[in-house]
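*Asks:* Take this sequence and fold it.
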Amino acid sequence: MSGTYNQGGEGAPIENLEQLSAYLAKGCKPETDFRIGTEHEKFGFALNDHTPLAYDGDGPTVLKMLEGLQRFGWDAIVEAGHVVALKREGASITLEPGGQFELSGAPLETVHQTCGEVNKHLREVREVADEIGAGFLGLGFSPKWSLDDTPMMPKARYGLMKAYMPKVGTLGHQMMFRSATVQTNLDFSDEADMAKKFRVSLALQPVATALFANSPFADKGLNGFLSYRAHIWTDTDRHRTGMLPFVFEDGFGFENYVDWALDVPMYFVKRKGEYLDATGLNFRDFLEGKLDILPGEKPVISDWEDHLSTLFPEVRLKTFLEMRGADSGAWDSLCALPAFWVGLMYDGSALDAAWDVVKGWSAEEREQLRIDAAKLGLNAPAPGGGTMQELARQVLKISRSGLNARARLNGHGENEGLFLDELDDIVKSGRTRAEDLIARFEGEWKGSIEPVFTECAY
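*Replies:* Prediction:
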């Protein structure tokens, strides 16, 4: 089977701002209905020469991967005649601009289940990749290929973004084509719960950046950062990225996020399957029928959904909260990230304890922690004194207490805290994965980047 993305423009026009807040509020649900979604990206490459996978052509390609994966029950999604995504049972596989393969997992009840989903996906990817002569890397940044080396996937929105990025920052193309992340999507019960989770997760996003730092390479050498992916976001587009200080203001709620989003410049509007260039235009004007590319026309809810998907703060609000601060990494780290955040967010006592840790931090301290985490990892200074290593140890203890309280067991009687073990080991050693890779690059690899395609492949 195959299908297409929605064509855009369907449905009744949005008449007032309250509808935009109401859309976000639709995410409110009872705690018994809370779910966990995990997303992760990875770089495909040819096994014979370690070049990136082109969309189509001779040799191993992205298209051959998408076609091969359909044997496992994935349905193809087509845009302008190109297969650009797959869907199955609430999950999807999509393509980032440079061909990064992204699994967007289904909403599941436990970390055990979401980890099982990741494992199943990677086994399927490995089977098809082996057949066509491809491999996949678990890193936060492309270690070898330049922008010129990196192909662009045939999705119209990426062409618009590519043209717009240099107007608003210096590293936007690096983000689009050469970075890869793992993120966790979590629910909230009401507006107050959303606000508290938003604040805690925003403040602690640099802790995740440090714990999962895994992007020390670029252009065949060291780039000077432990998480170069995180550094890239500091100069991609200041209008739509960052730590959102207004989230910490008294009274913050859905309406405040809407007010911010309305003034973030748009990327596109989709009509009849075509992406219209709306870069730099304003959704607030769109609401008043004053968008010059669609004069007199007002947006529909799918336009609002599309616009929300083009905002990239460290935590993003849709009808759920997306934790966006971590590098993609090794197989086990893809299970550790949801465990880390579920432990902090899905137990009331743990959430309260985490808020106690961060509630006294200033906007300046939060921003500095973000910057320092990208370069220094666990050696970054923490607000109020001490180091990121000490802060991470404290936060991990809270997360584990939350997972223990949830008491969601696997078939062996183990709770979700088992997925934090590797993070505890990182904190105990004080060395991130990035620092281990740097040591190997400078030591046994003798300054060659090529071993990374074996050592960091799934």
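*Asks:* quick one: Phe246 is in a strand?
*Replies:* No - under the criterion used here (DSSP: H, G, I helix; E, B strand; the rest coil), Phe246 is helix, not part of a strand.
*Asks:* dump the residue contacts of it.
*Replies:* When contacts are counted by C-beta atoms under 8 Å, 6 or more residues apart in numbering, Phe246 touches Phe252, Asn256, Trp260. (Each C-beta comes from the backbone N, C-alpha and C, glycine too.)
*Asks:* which SS class is the first one?
*Replies:* Meaning Phe252. coil.
*Asks:* For Leu317, see how far away it is.
*Replies:* Applying C-beta to C-beta, to the nearest Å, the value for Phe252 to Leu317 is 11 Å.
*Asks:* and for these two, which residues touch both?
*Replies:* Listed as contacting both Phe252 and Leu317 by C-beta under 8 Å, 6+ apart are Phe198.
*Asks:* Name the helix or strand for Asp352, please.
*Replies:* helix 348-358 (DSSP states H and E).
*Asks:* So for that helix, what gets flagged as buried?
*Replies:* Ala350, Leu351, Ala353, Ala354, Trp355, Val357, Val358 (16 or more other C-beta atoms under 10 Å).
*Asks:* Please work out which residues outside it touch it.
*Replies:* Around helix 348-358, the neighbours that count as contacts under C-beta under 8 Å, 6+ apart are 196-197, 199-200, 203-204, 343-345, 366, 391, 394-395, 398-399, 401-402, 405.
*Asks:* Looking at these, which are in helices?
*Replies:* Counting by DSSP state H, the part of those found in helices is 196-197, 199-200, 203-204, 343-345, 366, 391, 394-395, 398-399, 401-402, 405.
*Asks:* Could you identify the buried members of these?
*Replies:* 196-197, 199-200, 203-204, 343-345, 366, 391, 394-395, 398-399, 401-402.
*Asks:* With neighbour numbers in mind, choose between Phe252 and Leu317.
*Replies:* Counted by other C-beta atoms under 10 Å, Phe252 and Leu317 do not tie: Leu317 has more neighbours, with 24 against 19.
*Asks:* Across the sheet, point out what pairs with that one.
*Replies:* Per DSSP bridges, the residues bridged to Leu317 are Leu321.
*Asks:* gap between it and Leu281?
*Replies:* Note on Leu317: its distance to Leu281, by C-beta to C-beta, is 22 Å.
*Asks:* looking at it, Ala374 is touching Ala230, isn't it?
*Replies:* Yes - with contact defined as C-beta atoms under 8 Å, Ala374 reaches Ala230; the gap is 3.8 Å.
*Asks:* Mutual contacts of these two, please.
*Replies:* The contact sets of Ala374 and Ala230 overlap at Thr209, Ala213 (C-beta under 8 Å, 6+ apart).
*Asks:* The two: which has the busier surroundings?
*Replies:* Neighbour tally, Ala374 and Ala230, criterion other C-beta under 10 Å: the higher count belongs to Ala230, 32 against 26.
*Asks:* and that one, helix, strand or coil?
*Replies:* Here Ala230 is recorded as helix under three-state DSSP.
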